[in-house]
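quick one, structure for this:
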Amino acid sequence: YEVIRQCNFIINNAAASSLPDAKKNRFVGIARLIRAQQYYRLVRCYGDVQYTDVVVDPSDKEVLMSPRVDRDIVMDKVYEDLDFACKNIGEGSKTTWSSDLAYAMTAEICLYEGTYCKYRTVEDNYKAADPDRAAKYLGYAADASNVLIGKSYTLNNTYIGNYNSINLEANPEMIFYKE
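Sure, this is the predicted structure:
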């Protein structure tokens, strides 16, 4: 939750910045992408989790001890963050935040959520399968994937090229990598 608190600080205070709106939206988009990833990881591990979109004061016991929020509601918030990030981060290199990275994360997260909702059971997950929700999230995953398919990404010629290369900049498969 420390990373989520940091993201909420950026998101909630960006409006007061003197930066141009495009730059503000880029930084807010990056913060929302990171927050979405954090909540996605929490939901995968714990199911229902506490959700907050404000900067929590560490001494505020009421907020810190608040009840868990239904996982479906949290994942809807995650999608809202991902959608904002895709639309606002903009282009970047393969070593910085970019809308392509946001679309790739959207595809992964929505694929997980769609299949989870399709195959969950009351016995294992306390909720029955939800075909409508599954179709909605699988549609989001397909839309994000189609955006990336329409770009210049292709599979690399060799498996070794992905894992034993000194420089990945020219690799046509890379969306994001650590230099």
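
distance of the closest residue to residue 66 other than its chain neighbours from residue 9?
Leaving aside its chain neighbours, residue 66 sits nearest to residue 50 (5.5 Å; criterion: CB to CB, 6 or more residues apart in numbering). Every C-beta, even on glycine, is put in place using the N, C-alpha and C of the backbone. Distance, residue 50 to residue 9, using CB to CB, to the nearest Å: 17 Å.

and those two? Which one has more around it.
residue 50 (17 against 14; other CB atoms under 10 Å).

pull the contacting residues for that one.
Residue 50 makes contact with 1, 66-69, according to CB atoms under 8 Å, 6 or more residues apart in numbering.

backbone dihedrals for it, both of them.
phi -70, psi 140 (degrees, to the nearest 10).

select the longest helix from this structure.
helix 21-46 (DSSP state H).

give the rounded mean pLDDT of it.
Helix 21-46 shows a mean pLDDT of 96.

which regions of the chain sit below the pLDDT cut-off?
Judged against pLDDT under 70, the chain has no low-scoring part.

kindly recompute the last result at 90.
1, 15, 54-66, 92-95, 124-127, 152-174, 177-179 (pLDDT under 90).

and the strands in the protein?
Assigned by DSSP state E, the chain shows no strands.

show me where it has helices.
Under DSSP H, the chain gives helices at 2-13, 21-46, 61-64, 71-88, 99-119, 122-125, 131-149, 159-163.

how far does the second one sit from the chain's center?
Meaning helix 21-46. Remark: helix 21-46 is offset 6 Å from the chain centroid, using CA atoms, centre = their mean, to the nearest Å.

what angle do that helix and helix 71-88 make?
150 degrees (axes from the mean of the first three to the mean of the last three CA atoms, to 10 degrees).

buried residues, helix 21-46. List them.
24-40, 42-43 (16 or more other CB atoms under 10 Å).

next, the angle helix 99-119 makes with that helix.
For helix 21-46 against helix 99-119, the angle between stretch directions is 30 degrees (the same axes, to 10 degrees).

check which helices and strands helix 21-46 sits against.
helix 2-13, helix 71-88, helix 99-119 (3 or more CB pairs under 8 Å, 6 or more residues apart in numbering; DSSP states H and E).

may I have the shortest one exported as CSV, CA atoms only?
Output in CSV follows, covering the C-alpha atoms of helix 2-13 (Å, rounded to 0.1, in the frame of the first residue of the first chain):
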residue,chain,number,x,y,z
GLU,A,2,3.0,2.3,0.2
VAL,A,3,3.3,2.5,-3.6
ILE,A,4,-0.5,3.0,-3.8
ARG,A,5,-0.2,5.9,-1.4
GLN,A,6,2.6,7.5,-3.4
CYS,A,7,0.5,7.1,-6.6
ASN,A,8,-2.5,8.7,-4.9
PHE,A,9,-0.3,11.6,-3.8
ILE,A,10,0.7,12.3,-7.5
ILE,A,11,-2.9,11.8,-8.8
ASN,A,12,-4.5,14.0,-6.2
ASN,A,13,-2.0,16.8,-6.3
